[in-house]
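[1] just need the structure, nothing else, for what follows:
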Amino acid sequence: MTSRTPAERRQRVMALPPVPDADQSLISRFLEALWAENGLSRQTLDSYRRDLEGLARWREGQAGGVAAADRAVLFDYLAWRTREGYSPRSNARLLSALRALYAWLVRRGERNDDPTGLLEPPRLPRLLPKALAESEIDALLAAPDTTTPLGLRDRAMLELMYAAGLRVSELVNLPATAVNLRQGALRVTGKGSKERLVPLGEEAQHWLERYLAAARPQLAGKRALAPLFLEASGEAPTRQQFWHLVKRHAAAAGIDPRRISPHGLRHSFATHLLNRGADLRALQMLLGHASLSTTQIYTLVAREQLKQLHARHHPRG
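    Numbering: from 1, shown residues only. The predicted structure follows:
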């Protein structure tokens, strides 16, 4: 199998012929219907578009385009992606997009069969979420310089991310109206446009109050801006900008930046709650997981940590 970087793979795909107009129209109609029916996030829809356009580019010139592809064509395309070095997780996402597309075409009567029916999803490695130690979380949260508006904003963002177990996209897209300081609660819109109420906790509430009183007015100026967290430009920070600030503050706190990601704060939130006796169902509600099986992976993390603790400290470990 060829080993290529993501940038190299993107260049090779872009070197393929452009997406035919008929396929572009089909993909757009499908994604609009998918958004209307399931309320998928913009990030998921963008990923599905890239995956389906990749198939259209690869299949360009063949009769019927993407809509007419059969099982052999899809199998060949998945095999090509595997040779190009796409990960099993990436190919699993592609297969999800294909299954949704052809199910939609069958429902509309534009196809009589679903060519994905006999395609096996790639076997995914079980990757356990990586959580920081509680002492590392304390050091990370204390890293921003809270004497500046942006430093105070960073402290409030990190505190809220850890206290509420938010996804990165949920954090950066929070409107100012999502916070209820009187009740100490946060209204979060998660995947599938599902809303959940999450308690803030005393520390997160304290830093949010400071940010809203002292830093946000300076960043917003006289403008009435909707996002809760603002850049100096008045815009909401992007996921990439938050990723960079987490890495920067991790380095300042003496934490290897390679060991941490923004999502790692969500993993730490879940792992630390479970270690301290939180109920799995309650944790599912706080994280906004649709299925309890998604939440149960954190029990594996806790179990692995217990094994490591035993190995380090037991005389016969």
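[2] show me where pLDDT drops low in the stretch 151-300 of the chain?
    Applying pLDDT under 70 to the stretch 151-300 of the chain flags residues 293-300.
[3] strands of that one, start to end?
    For the stretch 151-300 of the chain, the strands defined by DSSP state E, counting those that start in this stretch occupy 179-180, 185-189, 195-199.
[4] could you give the separation of the first one from the chain centroid?
    Relative to its parent chain, strand 179-180 has a centroid offset of 23 Å by C-alpha atoms, centre = their mean, to the nearest Å.
[5] then the last one?
    Relative to the mean C-alpha coordinate of its chain, strand 195-199 is positioned 18 Å out (C-alpha atoms, centre = their mean).
[6] and it, what does it pack onto?
    For strand 195-199, the elements it packs on are strand 185-189, helix 280-287, judged by 3 or more C-beta pairs under 8 Å, 6 or more residues apart in numbering; DSSP states H and E. Where C-beta positions appear, they are placed from N, C-alpha and C, glycine not excepted.
[7] returning to that earlier point: nearest to residue 223, of the strands of the stretch 151-300 of the chain?
    Closest of the strands of the stretch 151-300 of the chain to residue 223 is strand 179-180, at 18.5 Å (criterion: C-beta to C-beta).
[8] what's that closest one in contact with?
    Residues from elsewhere that reach strand 179-180 (C-beta atoms under 8 Å, 6 or more residues apart in numbering): 186, 187, 200, 208, 212, 228.
[9] pull out the buried members of those residues.
    Buried residues within the contacts of strand 179-180, counting neighbours by 16 or more other C-beta atoms under 10 Å: 186, 200, 208, 212, 228.
[10] now do the domain split for this protein, please.
    The chain is divided into the following domains under automatic domain parsing: 6-107, 134-313.
[11] same list (those domains) but as JSON lines, adding distance to residue 120.
    Shown next, in JSON lines, are those (distance: least, C-beta to C-beta, whole Å):
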{"stretch": "domain 6-107", "distance to residue 120": "9"}
{"stretch": "domain 134-313", "distance to residue 120": "20"}
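[12] between those, which one is nearest to residue 116?
    Residue 116 lies closest, by C-beta to C-beta, to one member of the domains of the chain: domain 6-107, at 4.7 Å.
[13] OK, contacts around residue 240?
    Contacts for residue 240 (C-beta under 8 Å, 6+ apart) come out as none.
[14] distance of it from residue 247?
    11 Å (C-beta to C-beta, to the nearest Å).
[15] tell me which element the residue lying closest to residue 97 once chain neighbours are set aside is part of?
    Of all residues not flanking residue 97 in the chain, residue 48 sits nearest, at 4.2 Å (C-beta to C-beta, 6 or more residues apart in numbering). If you go by DSSP states H and E, residue 48 is part of helix 42-59.
[16] now whichever helix or strand comes after that helix: how far from the chain's centre is it?
    Sequence-wise, the next helix or strand downstream of helix 42-59 (DSSP H and E) is helix 71-84. Its chain's average C-alpha position is 26 Å from that of helix 71-84, according to C-alpha atoms, centre = their mean.
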